[in-house]
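Participant: fold the following and give me the result.
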Amino acid sequence: MAYPQLTDKPGALATAAAIRAGKISVVEAVDAAIVRIEQRDADIDALAVPDFERAYAAAKALDAAGPGDDQPLFGVPMTIKESFDIEGLQSCWGHERLTGYIAPRDSDLVRRLKAAGAVIVGKTNVPVDLSDWQSFNPVYGRTKNPHNLDRSPGGSSGGSAAAVASGMVPCEYGTDIGGSVRVPAHFCGVWGHKTSWGLVSKRGHDHPQMARQNGFVAAHDSALSIAGPLARNAEDLAVLTEIGATVPLRHHDKPLSRCRLLAIVEHPSSTLDVGVAEPTKAALATLEAAGIAIEYATDLLPDLARQQDDYLKMLNVVMARGAPAPNGKRATASDWFDLLDAQSVVEFAWTQVFERYDFVLAPPAPVLAVPHHDGPVFNSTLRINGEDVPAGSGLAWSGLATFPNLPSTVLPIGEGTTEGVTLPCGLQVIGPRWADLDCIEAARQIGNILHG
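Facilitator: Predicted coordinates for the structure are as follows:
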């Protein structure tokens, strides 16, 4: 099964290896990335905040110093989501009224990436408040899917995925609470990883309104929300995850042929569009033909409809920071503790699932890349098999891993066709909490079987 790749440019580790071997300098690698951005971004609009001058200065300094022993990304040019603070750069989350906020220092993740040798050439586009499956706002404009400019690259890390898919940069870091890494990876045909909740620090990923009021302080890691990488291959994804990880990660060298997999292709809260269902079923059939054991039902799963309801309730409280809902009602402390209890019950149920299965496979979203909307996707509908359904129902597939705080890797599996349009399609590989590297490795093996 082939999947569309828009670039033949090397990935992050390949770029770092070429620099270490003396085949290219850091300055040359950074210059090449900037040239690609200047050539390709006029149509795509993935880059929100360029930082080319400082990137060149950083590249010259790295060339002069040479690679360190613990710098796997030495000299690799990359971008990062606009919502992460970088000292001296704007961070406004798409709000015109907040463009005056200039970050006083780097976020924790940015410091880790720079310490690993990366050169950040700029920040990528987002929807307002990081709350849509598009990446459009009045400050930076609309990011387009590089596979089809009439389609969204996803959100909220849509600029991230578009930059990686188009070959502007080999890798990125985004965030995910409603599929915001996984859905753009799925829409744009790249690899993305939702980390276990709490694995990667989000200090310095504060809403600019709060940062301006309170200074550079992250009071807490928001419930559900994580930081996770995007890349064009599994090896780069694994290294980026390890660089961001604040706790040691386990890693089991268990071949996929010895794993027991559960596939979820039906959800009581969300029907799959044929554009997703057909390539997903074809990928699963290819895996089974290769001798991989896949089951399609189990009595261990939690009530998925109830999980989706509780996930949406918690998601809405988190995104609104407790402000009243559109109906005027405000969540109480008791409501919040009830949600935490529900989340704990679901977490335990998934723990039991992973006592029987090594990984769970599922689509990242019920649709392929959506057409551009004038307003937020979640204020509208999704077109599924010729019918318009409430867009919020589509979050059921990302919520499978989000509500129970599980890691999930998305890999591209091929192409699907919806209403005459052919677009990339991805697949989630979900695993137990803290099994991030195992999910990425399983996805790598799946990719090898599917694509040869």
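Participant: so what are the domain limits for this protein?
Facilitator: 12-244, 256-451 (automatic domain parsing).
Participant: buried deepest among those domains, which one?
Facilitator: Across the domains of the chain, the average number of neighbours (mean count of other Cβ atoms under 10 Å) peaks for domain 12-244, which reaches a mean of 23. All C-beta atoms are positioned from the backbone trio N, CA, C, and that covers glycine.
Participant: and stretch 61-73, how far apart are its ends?
Facilitator: By Cα to Cα, to the nearest Å, the extent of stretch 61-73 from end to end equals 15 Å.
Participant: repeat that for stretch 294-303.
Facilitator: By Cα to Cα, the extent of stretch 294-303 from end to end equals 21 Å.
Participant: tell me where the stretch 251-400 of the chain has strands.
Facilitator: 260-263, 293-295, 359-362, 381-384, 387-390 (DSSP state E, counting those that start in this stretch).
Participant: quick one, which of the ones you listed gets closest to Ala29.
Facilitator: Ala29 sits nearest to strand 359-362 of all the strands of the stretch 251-400 of the chain, at 34.9 Å, using Cβ to Cβ.
Participant: now mean pLDDT and distance to Ala285 too, for the strands of the stretch 251-400 of the chain, in TSV please.
Facilitator: Output for those, formatted as TSV (pLDDT from 0 to 100; distance: least, Cβ to Cβ, whole Å):
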stretch	mean pLDDT	distance to Ala285
strand 260-263	98	11
strand 293-295	98	9
strand 359-362	98	12
strand 381-384	97	22
strand 387-390	97	26
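Participant: how close does the residue positioned nearest the centre of the chain get to Pro229?
Facilitator: The chain has Val181 as the residue nearest its centroid, 1.4 Å off, counting by Cα atoms, centre = their mean. Val181 sits 8 Å away from Pro229, going by Cβ to Cβ, to the nearest Å.
Participant: same question, Gln5
Facilitator: Gln5 sits at a distance of 18 Å from Pro229 (criterion: Cβ to Cβ).
Participant: follow-up on the earlier one: closest one to Asp41 among the strands of the stretch 251-400 of the chain?
Facilitator: Comparing the strands of the stretch 251-400 of the chain against Asp41 with Cβ to Cβ, the closest turns out to be strand 381-384 (27.9 Å).
Participant: tell me the contacts of Ile24?
Facilitator: Thr15, Ala18 (Cβ atoms under 8 Å, 6 or more residues apart in numbering).
Participant: the domains of the chain into a markdown table, with extra columns for distance to Arg250?
Facilitator: Formatted as a markdown table, the domains of the chain follow (distance: least, Cβ to Cβ, whole Å):
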| stretch | distance to Arg250 |
| --- | --- |
| domain 12-244 | 11 |
| domain 256-451 | 6 |
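Participant: mind listing what the nearest residue to Val353 once chain neighbours are set aside touches?
Facilitator: Computed as Cβ to Cβ, 6 or more residues apart in numbering, the closest residue to Val353 that is not its neighbour in sequence is Leu300, at 4.7 Å. For Leu300, the contact set (Cβ under 8 Å, 6+ apart) comprises Ala349, Gln352, Val353, Arg356.
Participant: run the last query once more with 7 Å
Facilitator: Contacts for Leu300 (Cβ atoms under 7 Å, 6 or more residues apart in numbering) come out as Gln352, Val353, Arg356.
Participant: do the same with Tyr140
Facilitator: Listed by Cβ under 7 Å, 6+ apart, the contact partners of Tyr140 are Ala48, Gly94, Asn125.
Participant: from Cys188, how far off is it?
Facilitator: Using Cβ to Cβ, Tyr140 is found at 18 Å from Cys188.
Participant: Leu382 too?
Facilitator: 18 Å.
Participant: one more: Ser196?
Facilitator: According to Cβ to Cβ, Ser196 stands 23 Å off from Cys188.
Participant: where does Met78 land in three-state SS?
Facilitator: What DSSP: H, G, I helix; E, B strand; the rest coil gives for Met78 is strand.
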